[in-house]
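# Kindly return the folded structure for what I paste below:
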Amino acid sequence: MNTLLALENVVAGYGRAAPVLRGLSVTVRAGEVVCLVGPNGAGKSTVLKVASGLLAPRSGRVLLAGEDVAGLSPQRLLGRGLAHVLQGHSVFREMTVAENVRLGGYTVRDQAVLNARIEAVKELFPVVAERWGSVAGLLSGGQQKQVEFARALMLEPAVVLLDEPSMGLDPRNTQVVFDQIDLMRGAGVAVLLVEQNARRALEMADVGCVLDLGQVHISGPARELAADPRLGRLYLGGAPSKNTAPSENTAGDTARPRPPGPVS
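Next comes the predicted model:
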């Protein structure tokens with residue numbers, strides 16, 4: 001699989017404060033979900049902000065399809081194929097589902113192309129088609145999140161960044177969100193995911209990266225990390241369930257400063 005997004009030795013922070021990211025490196029390939037987990041303050045959301053252009057790195061490189069795009073604006077990165085779905089709900093509640101989704105394709109001038117993309121996201125997210133004329137604010141939290149996903153995919157991004165997509169959702173809608181992420185992966189999209197439900201995210205992701213003090217502390221096949229009792233105690237809120245099985249996927253050399261080992 002082609003590497004679509006790579007952060008290399010990134011140092012980044014806010015204002016004059018000490019850096020949040022301290023030489024962080026991570027890569028995401030086409031058709032792959034990479035999940036970032038770790039304690040509060042580890043820098044997970046900051047990684048997404050640097051990748052999407054919301055925060056310029058102090059040093060290091062951000063490569064999108066092999067080109068260094070560090071410091072480019074979010075708008076320019078969106079035009080180059082990178083979309084960022086922010087934490088919380090970002091639908092325009094007073095607008096219809098149709099209006100929200102069409103906003104995602106605002107740069108598409110060819111009406112035939114726009115219509116084709118609308119049909120594609122309707123097929124990928126059935127609730128979008130079912131509630132096309134509804135006011136977005138009347139949808140459930142899980143349905144609103146699917147509208148956000150559909151809007152993000154209107155420009156056919158190669159890379160999608162997801163920040164806490166299940167925040168505030170009940171278990172049923174959380175499962176719907178993870179199912180939709182799986183569909184994105186199946187469509188060949190590279191997904192970089194930060195998720196509060198860390199164990200559930202690792203069980204569906206391909207690669208897991210445990211962040212601590214602004215660096216990738218441990219990385220490897222995501223389901224193997226989810227099943228590791230040491231990580232469960234330190235980062236994932238308890239021991240793994242007995243039915244968690246190791247993944248058969250291999251993660252190549254994605255963000256592997258060192259293999260899983262003793263956690264200090």
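
# tell me the contacts of Lys122?
By Cβ atoms under 8 Å, 6 or more residues apart in numbering, the contact list for Lys122 reads Val128, Ala129, Trp132, Ala150. Placement of C-beta: from N, CA and C, glycine included.

# Return the residues in contact with the third one.
By Cβ under 8 Å, 6+ apart, the contact list for Trp132 reads Thr96, Val97, Ala98, Lys122.

# For those residues, give me JSON lines that also has distance to Gly142 and secondary structure.
Putting the contacts of Trp132 into JSON lines (distance: Cβ to Cβ, whole Å; DSSP: H, G, I helix; E, B strand; the rest coil) gives the following:
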{"residue": "Thr96", "distance to Gly142": "18", "secondary structure": "strand"}
{"residue": "Val97", "distance to Gly142": "14", "secondary structure": "helix"}
{"residue": "Ala98", "distance to Gly142": "19", "secondary structure": "helix"}
{"residue": "Lys122", "distance to Gly142": "17", "secondary structure": "helix"}
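
# out of those, who has the most neighbours?
Most neighbours among the contacts of Trp132, by other Cβ atoms under 10 Å: Val97, with 28 neighbours.

# And that one, what's its pLDDT?
In this prediction, Val97 carries a pLDDT score of 97.

# Contact partners for it?
Taking Cβ under 8 Å, 6+ apart, one finds Val128, Arg131, Trp132, Gly133, Ser134, Ala136, Leu139, Val147 in contact with Val97.

# Helices - which of those residues land there?
Judged by DSSP state H, helices contain the following of these: Val128, Val147.

# What residues sit buried inside the longest helix anywhere in the chain?
Assignment by DSSP H gives helix 171-186 as the longest helix of the chain. For helix 171-186, the neighbour count (16 or more other Cβ atoms under 10 Å) marks Asn173, Thr174, Val176, Val177, Phe178, Gln180, Ile181, Met184, Arg185 as buried.

# before we move on, the earlier item: export the contacts of Val97 to JSON lines and tack on distance to Ser166 and pLDDT?
What follows is the contacts of Val97, written out as JSON lines (distance: Cβ to Cβ, whole Å; pLDDT from 0 to 100):
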{"residue": "Val128", "distance to Ser166": "18", "pLDDT": "96"}
{"residue": "Arg131", "distance to Ser166": "20", "pLDDT": "97"}
{"residue": "Trp132", "distance to Ser166": "24", "pLDDT": "97"}
{"residue": "Gly133", "distance to Ser166": "27", "pLDDT": "97"}
{"residue": "Ser134", "distance to Ser166": "22", "pLDDT": "97"}
{"residue": "Ala136", "distance to Ser166": "19", "pLDDT": "96"}
{"residue": "Leu139", "distance to Ser166": "16", "pLDDT": "94"}
{"residue": "Val147", "distance to Ser166": "15", "pLDDT": "94"}
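
# Please pick the buried ones from the contacts of Val97.
By neighbour count, with 16+ other Cβ under 10 Å, those hold Val128, Arg131, Ala136, Leu139, Val147 as buried.

# check contacts around Ser166.
Lys145, Asn173, Thr174, Val177, Phe178, Glu195, Gln196, Asn197, Arg200.

# I'd say the first one and His89 touch.
Just to be clear, that refers to Lys145. Yes: if you go by Cβ atoms under 8 Å, Lys145 and His89 touch, sitting 7.2 Å apart.
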